[in-house]
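In: mind folding the following:
(one chain, ligands or ions: 2)
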Amino acid sequence: MNSPLPSTRSIGLPIGLLAELTHRCPLACPYCSNPVALEGRDTELSTDDWKRVFSEAAKLGILQVHLSGGEPAARRDLVDLVAHCASVGLYTNLITSGIGVTEELIHQLFDAGLDHIQLSIQDADADSADKIAGYKGAFKKKQLVAGWIKANGFPLTVNAVMHRVNITRSAAMVELAMLLGASRVEIAHTQYYGWALPNRSALMPSRAATEKAVADVDALRKRHAGAIVIDLVIPDYHATYPKACMGGWAKQFINVTPSGKVLPCHASETIPDLEFWNVKVHNLSDIWHRSPAFNAYRGTAWMAEPCRSCDRRDVDFGGCRCQAFALTGDASATDPACFKSPHHVLMKDIAAAESSDGADTYIYRR
Ligand code: SF4
Ligand code: FES
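Out: Ligands and ions are numbered 1, 2, ... in the order given. Sure thing, here's the model as predicted:
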């Protein structure tokens with residue numbers, strides 16, 4: 001945090017912007033990445049504000065906009081926003097639960113220039129999927145929506161978040177995605193931020209179940225090579241090295257909340273004392289280059305040992321700042337997912353204890 005600021009010339013350009021259009025959502029998934037303190041409808045940016053943000057993003061060099069939430073279809077201006085993104089040359093990806101989406105809306109989004117859709121599915125078993133989502137009938141509705149997406153010619157990615165209850169069906173999720181016509185499926189083990197952190201003991205899978213799921217999905221990847229892209233996000237708590245979270249802090253991505261706060265990652269508000277700038281006050285380019293939150297952990301100069309002298313520091317950037325803070329109380333510490341962290345053992349102990357003796361009810365996101 002006290003390291004010298006990088007010169008604006010040494011800062012690269014972002015490639016992607018995640019627009020959390022709203023935190024409203026009909027589903028209540030216990031691993032939702034939204035903050036536990038959700039932003040209300042009355043604080044949401046207006047249509048004109050979002051359009052200005054997207055124009056500034058295109059000018060800054062951003063290539064892709066991910067329209068997310070909450071459920072982005074809860075915004076009545078979604079088609080208008082997509083059309084604007086297309087008009088300024090941005091590639092648009094809609095990340096949706098499918099609930100609240102109609103066939104007519106899918107048509108309109110296609111005509112507006114939407115490029116790609118990611119549909120979340122909670123489990124390959126219908127009853128379990130509805131229970132995880134906290135919404136009866138969600139699984140059935142998602143099958144319908146997947147059909148509309150394919151009928152309108154969109155490329156489809158299925159997003160599946162895996163945890164203790166559904167981990168044994170990881171391979172079945174891949175098969176389901178193929179059945180629905182997806183060209184890509186993301187099997188992502190739960191990352192413990194947002195709502196997933198207070199639900200961790202109800203979500204944590206065992207190491208044995210995790211290893212089996214990873215092996216099953218790897219086998220399917222070989223069997224279906226060329227037919228579907230299978231992306232696998234492995235769980236930090238059972239890892240040896242951390243992930244390069246966000247591709248490095250403030251290196252590739254920008255996250256804009258419903259009220260216009262601009263974050264280096266979706267969970268960064270959990271780190272105290274970071275100063276976030278808002279698009280209502282600052283231009284996106286200024287925020288990217290000069291805002292205190294973006295410069296706090298940019299590059300590698302802020303690192304302490306063991307990251308500072310590690311030959312992987314430009315590979316994983318010391319892991320995840322939010323996870324480091326959540327588990328050690330110090331956002332500049334080595335991510336405990338790394339075996340070199342003095343807190344690595346603590347992480348393994350938490351995983352072992354919570355996977356065998358954890359809670360059996362969820363705190364739903366309501
Ligand atoms: Fe990555 Fe730091 Fe671990 Fe090295 S010590 S592998 S840079 S987290
Ligand atoms: Fe914030 Fe990883 S989630 S840096």
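In: per-residue pLDDT, Arg321?
Out: Listed pLDDT for Arg321 reads 98.
In: next, it: phi, psi?
Out: phi -70, psi -40 (degrees, to the nearest 10).
In: in contact with it, which residues?
Out: Listed by Cβ atoms under 8 Å, 6 or more residues apart in numbering, the contact partners of Arg321 are Cys245, Trp249, Cys265, Ser268, Ile271, Tyr297, Ala331, Ser332, Asp335. Heads up, the C-betas are built off the backbone N, CA and C, glycines and all.
In: looking at these, which is nearest ligand 1?
Out: Comparing the contacts of Arg321 against ligand 1 with Cβ to the nearest ligand atom picks out Asp335 as the nearest, at 5.3 Å.
In: and the closest one, how close does it get to Thr190?
Out: The spacing between Asp335 and Thr190, counted by Cβ to Cβ, to the nearest Å, is 16 Å.
In: ok, these two, which is more surrounded?
Out: More neighbours surround Asp335 than the other of Asp335 and Thr190, with 29 against 24 (other Cβ atoms under 10 Å).
In: so how far is Cys85 from the residue nearest to Pro72 when sequence neighbours are not counted?
Out: The spatial neighbour of Pro72 that comes closest, neighbours along the chain excluded (Cβ to Cβ, 6 or more residues apart in numbering), is Leu21 at 4.7 Å. Using Cβ to Cβ, one obtains 12 Å as the distance from Leu21 to Cys85.
In: quick one: common contacting residues for these two?
Out: Here Leu21 and Cys85 share the contacting residues Leu67, scored by Cβ under 8 Å, 6+ apart.
In: does ligand 1 sit close to stretch 243-263?
Out: No. Using Cβ under 6 Å from any ligand atom, stretch 243-263 never reaches ligand 1; the gap is at least 8.6 Å.
In: now stretch 249-265: average pLDDT?
Out: pLDDT averaged over stretch 249-265 gives 98.
In: er, stretch 286-302 actually
Out: Taken as a whole, stretch 286-302 carries a mean pLDDT of 96.
In: how about stretch 22-35?
Out: 96.
In: since we're on Arg207, how many residues are nearby?
Out: Residues near Arg207, counting by other Cβ under 10 Å: 15.
In: tell me, how many residues neighbour Ala301?
Out: 12.
In: now swap in the one 3 residues further on and tell me
Out: By the measure other Cβ under 10 Å, the count of residues near Ala304 is 11.
In: so it makes contact with Ser332?
Out: Yes. Between Ala304 and Ser332 there is a contact under Cβ atoms under 8 Å: 6.2 Å.
In: now the host helix or strand of Val174: buried residues?
Out: Assigned by DSSP states H and E, Val174 belongs to helix 170-179. Neighbour counts over helix 170-179 (16 or more other Cβ atoms under 10 Å) mark Ser170, Ala171, Met173, Val174, Leu176, Ala177, Met178 as buried.
In: the helix or strand following it relative to helix 170-179, how many degrees between them?
Out: Downstream of helix 170-179, the next assigned helix or strand under DSSP H and E is strand 184-189. With axes from the mean of the first three to the mean of the last three Cα atoms, to 10 degrees defining the directions, strand 184-189 sits at 160 degrees from helix 170-179.
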